[in-house]
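*Asks:* Quick one, structure for this:
(chains A, B and C)
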Amino acid sequence: MELFILTIDYAGTFVFAISGALAGMKRQFDVFGVFILALVTAIGGGTLRDLMIGSTPVGWMLNPVYLYIIFGAFLFAYLFQPYMRKLRRSMFLFDTIGIALYTILGLQKALAFGLSPIICVFLGVVSATFGGVIRDVLSNEVPLIFRKEIYASACLAGGILFLLTEQLIGEPLAMAVAIITVFVIRLMAVKNHWTLAFGKKASGGV
Amino acid sequence: MELFILTIDYAGTFVFAISGALAGMKRQFDVFGVFILALVTAIGGGTLRDLMIGSTPVGWMLNPVYLYIIFGAFLFAYLFQPYMRKLRRSMFLFDTIGIALYTILGLQKALAFGLSPIICVFLGVVSATFGGVIRDVLSNEVPLIFRKEIYASACLAGGILFLLTEQLIGEPLAMAVAIITVFVIRLMAVKNHWTLAFGKKASGGV
Amino acid sequence: MELFILTIDYAGTFVFAISGALAGMKRQFDVFGVFILALVTAIGGGTLRDLMIGSTPVGWMLNPVYLYIIFGAFLFAYLFQPYMRKLRRSMFLFDTIGIALYTILGLQKALAFGLSPIICVFLGVVSATFGGVIRDVLSNEVPLIFRKEIYASACLAGGILFLLTEQLIGEPLAMAVAIITVFVIRLMAVKNHWTLAFGKKASGGV
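*Replies:* As a prediction, this is how the structure comes out:
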């Protein structure tokens, strides 16, 4: 179980960092800019959570391995930029499992600080999604998640489900159920072009 | 007195959250984006103050009622969007009393952490105004407050006045004086189109 | 030594604040906006470092002199705006010594919190450079440092050099070596139009 969490945590960090690096390269940032974008995408959400609950030094600073993983992802994105399209499926897989796991890990960390469950679910979603928000703010763009994806809603559903089922079915199973839920919601959303825009009907799938 | 402060605090949170939600709806954000914009507008300034003085977990997380109020404001803005124009006067009233109160509450919290008065006045102004700054940054716009309103100057005047008069006339009266000051400055500024732009004469009222 | 550090620290704050104030004036912000831009440019990097390592209240709040220096710089920029071009050389000098010093002071503060050297170097660079990043984000621009300068790389080189040589040659000498290194790299970069852009050759000097 520990090993599973660690694997997903590291793989998620790697995939998040690649998404940040690619965003920076698309905008023709220099080396420093690309690296910072990879970094904030990977650790921004958890950093914000840790700051707000008062868990400092923030988590990723206590173990340099996160910095190494991000640096590895940065090099990987640089070297294999032309082949990234082919890796989209694997990246989608790890990204989605990653946000599910980050939601739950964030939620659990907040619970350990004695905050009320609804605040903890919120902090779980922040952990999973605000790295991307900071990436977009630093790129001078409107955060993608505010417009197009139901990414955050999937995390919210997963977080609530985990909280409701953990006592009944135990942590490992509740975690599996939550991760699968996030994955299915996101997959269906992408397939069916779901959005949550106001004042428009969500467009149906083709 | 306690009740008065609590009422203004909750009403201010509600009005700030509505202003954030409306900003998000204007930009056609999806549900998550609109909610986050409502949230950061309502609690962003206080969060920044709490982080900088080291009061964590940040204040609004200790009591879920703020999250409920923001969610209520979000629903309210969504349902009554077409009628919002008619509510402008009430909103201006609560918004202005709100920023005055937040300035003073922020100032007092900073004083309780033993910081020097000038830093505390600054933190009071940050508490009252930076929710709007974060709202604008997340909307990919230049913060409105950096250009057009003397909002912040009104808070600054109110904060300094409160600090100077609190010992002489007692907290409740000093608070009333400060709130009225902020209110009058802001009202006159809006009526007379005051600005604080460099290199231009402030245009007179019509 | 103490006096040297204090002088550079204050002069650096002054120069950083002027750069922020000028950026705000260029964008026709009002008085409040210009002041906030001066402030975040001067203290933003150190604030972010202090938040992430958990050193609160953040450093500059413990001594109001930083606020006075920033206010002085703000007035200075306002009064002498037309003559600023002539001061460019002096400003470049203090700015570059400033970032070198901030890198090392930031690095040392992080070391004092028991973090690993690589994280500390990173925090040194953040201290020196993120004031400018926050300035650009608040101005609704892509951070300059992500595109054009090797500012950050110079800081990184200086920070690593300091860390490697401090034990061998002592703190004062290591600091001098690091500052000179940052200075020379940045000077050569400006003279030779060095960049670190991906996918393009760095253009040679004229």
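*Asks:* residue ranges of the helices in chain A, please?
*Replies:* A:2-26, A:31-53, A:65-79, A:88-112, A:117-138, A:151-169, A:171-192 (DSSP state H).
*Asks:* Is the fifth one in proximity to chain C?
*Replies:* In other words, helix A:117-138. Yes. Using C-beta under 8 Å from any C-beta of the partner chain, helix A:117-138 reaches chain C at A:V137, A:L138. In this view, the C-beta of every residue, glycine as well, is placed from N, C-alpha and C.
*Asks:* by contact count, what packs against that helix?
*Replies:* helix A:2-26, helix A:31-53, helix A:88-112, helix A:151-169, helix B:65-79, helix B:117-138, helix C:117-138 (3 or more C-beta pairs under 8 Å, 6 or more residues apart in numbering or on different chains; DSSP states H and E).
*Asks:* Compare these and report which one is nearest to B:F32.
*Replies:* Set against B:F32 and scored by C-beta to C-beta, the helices and strands packed on helix A:117-138 come closest in helix A:151-169, at 4.2 Å.
*Asks:* Could you tell me the angle between the closest one and helix A:88-112?
*Replies:* 60 degrees (axes from the mean of the first three to the mean of the last three C-alpha atoms, to 10 degrees).
*Asks:* what residues does helix A:151-169 touch?
*Replies:* A:99-100, A:103-104, A:107, A:117, A:120-121, A:124-125, A:128-129, A:132, A:145, A:173-175, A:177-179, A:181-182, A:185-186, A:189, A:196, B:31-32 (C-beta atoms under 8 Å, 6 or more residues apart in numbering or on different chains).
*Asks:* Same list, the helices of chain A, but as CSV with mean neighbour count please.
*Replies:* Output for the helices of chain A, formatted as CSV (neighbours: other C-beta atoms under 10 Å in any protein chain shown):
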stretch, mean neighbour count
helix A:2-26, 20
helix A:31-53, 26
helix A:65-79, 18
helix A:88-112, 21
helix A:117-138, 24
helix A:151-169, 20
helix A:171-192, 17
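*Asks:* Redo those as a markdown table? Include mean pLDDT.
*Replies:* Shown next, in a markdown table, are the helices of chain A (pLDDT from 0 to 100):
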| stretch | mean pLDDT |
| --- | --- |
| helix A:2-26 | 86 |
| helix A:31-53 | 93 |
| helix A:65-79 | 93 |
| helix A:88-112 | 84 |
| helix A:117-138 | 92 |
| helix A:151-169 | 89 |
| helix A:171-192 | 86 |
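*Asks:* In a markdown table, list those helices along with distance to B:T165.
*Replies:* A markdown table is the format used below for the helices of chain A (distance: least, C-beta to C-beta, whole Å):
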| stretch | distance to B:T165 |
| --- | --- |
| helix A:2-26 | 50 |
| helix A:31-53 | 34 |
| helix A:65-79 | 51 |
| helix A:88-112 | 41 |
| helix A:117-138 | 37 |
| helix A:151-169 | 46 |
| helix A:171-192 | 54 |
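*Asks:* which one of those helices lies closest to C:A11?
*Replies:* helix A:31-53 (25.0 Å).
*Asks:* got a list of what the closest residue to A:V15 other than its chain neighbours touches?
*Replies:* The shortest distance from A:V15 to any non-neighbouring residue, by C-beta to C-beta, 6 or more residues apart in numbering or on different chains, is to A:F94 (4.2 Å). By C-beta under 8 Å, 6+ apart, the contact set of A:F94 is A:I8, A:A11, A:G12, A:F14, A:V15.
*Asks:* now what about stretch A:170-189, what contacts it?
*Replies:* Contacts of stretch A:170-189 (C-beta under 8 Å, 6+ apart): A:1, A:96-97, A:99-101, A:103-104, A:149-151, A:153-155, A:157-159, A:161-162, A:165-166, A:168-169, A:194.
*Asks:* Just the CA trace of it, in PDB.
*Replies:* C-alpha atoms of stretch A:170-189 as PDB (Å, rounded to 0.1, in the frame of the first residue of the first chain):
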ATOM      1  CA  GLY A 170     -11.400   0.700   5.000                       C
ATOM      2  CA  GLU A 171      -8.800   3.000   3.600                       C
ATOM      3  CA  PRO A 172      -7.300   0.900   0.800                       C
ATOM      4  CA  LEU A 173     -10.700   0.000  -0.700                       C
ATOM      5  CA  ALA A 174     -12.100   3.500  -0.300                       C
ATOM      6  CA  MET A 175      -9.000   4.900  -2.000                       C
ATOM      7  CA  ALA A 176      -9.400   2.500  -4.900                       C
ATOM      8  CA  VAL A 177     -13.100   3.400  -5.300                       C
ATOM      9  CA  ALA A 178     -12.300   7.100  -5.200                       C
ATOM     10  CA  ILE A 179      -9.500   6.800  -7.800                       C
ATOM     11  CA  ILE A 180     -11.700   4.800 -10.100                       C
ATOM     12  CA  THR A 181     -14.500   7.300  -9.700                       C
ATOM     13  CA  VAL A 182     -12.300  10.200 -10.600                       C
ATOM     14  CA  PHE A 183     -10.900   8.300 -13.600                       C
ATOM     15  CA  VAL A 184     -14.300   7.300 -14.900                       C
ATOM     16  CA  ILE A 185     -15.800  10.800 -14.500                       C
ATOM     17  CA  ARG A 186     -12.800  12.400 -16.300                       C
ATOM     18  CA  LEU A 187     -12.800   9.800 -19.100                       C
ATOM     19  CA  MET A 188     -16.500  10.200 -19.700                       C
ATOM     20  CA  ALA A 189     -16.100  14.000 -19.600                       C
END
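*Asks:* and it, how far from the chain's centre?
*Replies:* On the basis of C-alpha atoms, centre = their mean, to the nearest Å, stretch A:170-189 sits 14 Å off its chain's mean C-alpha point.
*Asks:* circling back: what's the closest of the helices of chain A to B:Y66?
*Replies:* With C-beta to C-beta as the criterion, B:Y66 lies closest to helix A:117-138 of these, at 9.4 Å.
*Asks:* what angle separates that closest one from helix A:151-169?
*Replies:* 150 degrees.
*Asks:* quick one: helix A:117-138 to helix B:65-79, angle?
*Replies:* Using the same axes, to 10 degrees: helix A:117-138 against helix B:65-79 is 60 degrees.
*Asks:* re earlier: distance to C:R88 added to the contacts of A:F94, as JSON lines?
*Replies:* JSON lines is the format used below for the contacts of A:F94 (distance: C-beta to C-beta, whole Å):
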{"residue": "A:I8", "distance to C:R88": "51"}
{"residue": "A:A11", "distance to C:R88": "48"}
{"residue": "A:G12", "distance to C:R88": "46"}
{"residue": "A:F14", "distance to C:R88": "43"}
{"residue": "A:V15", "distance to C:R88": "44"}
